[in-house]
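Q: mind looking at a prediction? Sequence and model below.
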Amino acid sequence: MEQRSLSIVGLTGVVSILGLAVLGGYGLLTGILLEPSAALVAPTVATLVVTVVVVGALIGLGAGSKRWRQNPYW
């Protein structure tokens, strides 16, 4: 692939992730924060905590991998 097409693909990926983050933030804001319901706050907080822990664990496992560090790409 030429350099220009790689930058377009990267930009598309970043825009897609930002769009999903904005939609998720909007859903959180309108569904939980503006109209709090005691029945929904605890499960929402628990889901966010579990998500952060799982993503952090995956990042830690990937960063600590010897195979990742030995890859000539990096």
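A: The structure has been received and is ready for your questions.

Q: how close does Gly31 get to Ser16?
A: 22 Å (Cβ to Cβ, to the nearest Å). Using the backbone N, CA and C atoms, a C-beta is placed for each residue, glycine as well.

Q: so those two - more neighbours on which side?
A: Taking other Cβ atoms under 10 Å, Gly31 and Ser16 do not tie; Gly31 has more neighbours (13 against 10).

Q: excluding chain neighbours, what is closest to that one?
A: Counting by Cβ to Cβ, 6 or more residues apart in numbering, the nearest residue to Gly31 once its immediate chain neighbours are dropped is Leu40, at 7.5 Å.

Q: in what element of secondary structure is that neighbour found?
A: According to DSSP states H and E, Leu40 maps onto helix 38-63.

Q: where does this protein have its least confident helix or strand?
A: Ranked by mean pLDDT, DSSP states H and E, the weakest helix or strand in the chain is helix 66-70, scoring a mean of 62.

Q: now do the SS call for Glu35.
A: coil (DSSP: H, G, I helix; E, B strand; the rest coil).

Q: what's the pLDDT at it?
A: Glu35 carries a pLDDT score of 72 in this model.

Q: mind checking how far it is from Val54?
A: 28 Å.

Q: domain ranges for this protein, per the record?
A: Following automatic domain parsing, the chain resolves into domains at 1-35, 37-74.

Q: going by mean pLDDT, which of the ones you listed comes out lowest?
A: domain 37-74 (a mean of 78).
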